[in-house]
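Student: sequence first, then the predicted structure:
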Amino acid sequence: MPDRSTLHLTVAAVVCYQQRYLLVEERDKHSGALVLNQPAGHVEHGEDLVDAMRRELREETGLELTPTGWLGISQLRAANGHFYYRVNFIFEPVSLPTRYAPQDPDILALHWFSVDELAEAALPVRSKLVTAAIDAYQQGIRLPLHALQPMTDPH
């Protein structure tokens with residue numbers, strides 16, 4: 001059984017625009033390899049899941065978007081022995097601003113891929129969670145945001 005120091009709650013954005021998916025190019029912190037990932041990151045202490053996702057999307061892409069739903073929770077036992085629980089959010093913008101760019105220095109580039117282009121991409125995906133989230137989206141999985149209970153106070 002993992003201890004709490006190896007458990008991670010993360011969020012990820014499946015952004016689909018004109019049948020293409022937004023992926024970030026980053027360097028894997030363990031292997032050093034360049035990889036593709038959805039805009040994603042850790043939920044900060046006291047942060048609401050939707051707020052965490054909007055913050056990560058803004059930091060990693062410069063986009064201010066509102067999620068339209070979510071895909072569920074993915075689970076990963078990583079090679080480093082850590083366990084990642086990832087809440088996958090859906091973003092389906094009708095239009096995009098003409099200019100947007102990463103605000104996070106760890107994000108090296110933004111890429112838009114169709115499913116076929118992603119399968120042929122020169123860079124690997126960071127983990128199977130990336131393609132699994134796109135597969136779930138392609139299968140039509142859409143959970144309503146109201147199914148996520150709002151953050152409550154202890155009283």
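Tutor: That came through, no problem.
Student: neighbouring contacts of the biggest strand by length in the chain?
Tutor: Identified as the longest strand of the chain according to DSSP state E is strand 7-17. The set of residues external to strand 7-17 that reach it, using Cβ atoms under 8 Å, 6 or more residues apart in numbering, is 21-22, 37-43, 49, 52-53, 56-57, 61, 63, 65, 67, 71, 74, 82-93, 96, 112, 129, 133-134, 137. C-beta: built from backbone N, CA, C; applies to glycine.
Student: pull the residues that contact the helix or strand just after it.
Tutor: Scanning forward in sequence from strand 7-17 by DSSP states H and E, the next helix or strand is strand 20-27. Under the criterion Cβ under 8 Å, 6+ apart, residues 13-15, 33-39, 60-61, 102, 106-115, 117-118, 123, 125-126, 130, 134 lie in contact with strand 20-27.
Student: angle of the longest strand of the chain against strand 20-27?
Tutor: 140 degrees (axes from the mean of the first three to the mean of the last three Cα atoms, to 10 degrees).
Student: for the helix of greatest length in the chain, buried residues please.
Tutor: For the chain, the helix that runs over the most residues, judged by DSSP state H, is helix 49-61. Buried positions in helix 49-61, judged by neighbour count with 16 or more other Cβ atoms under 10 Å: 49-50, 52-58, 60-61.
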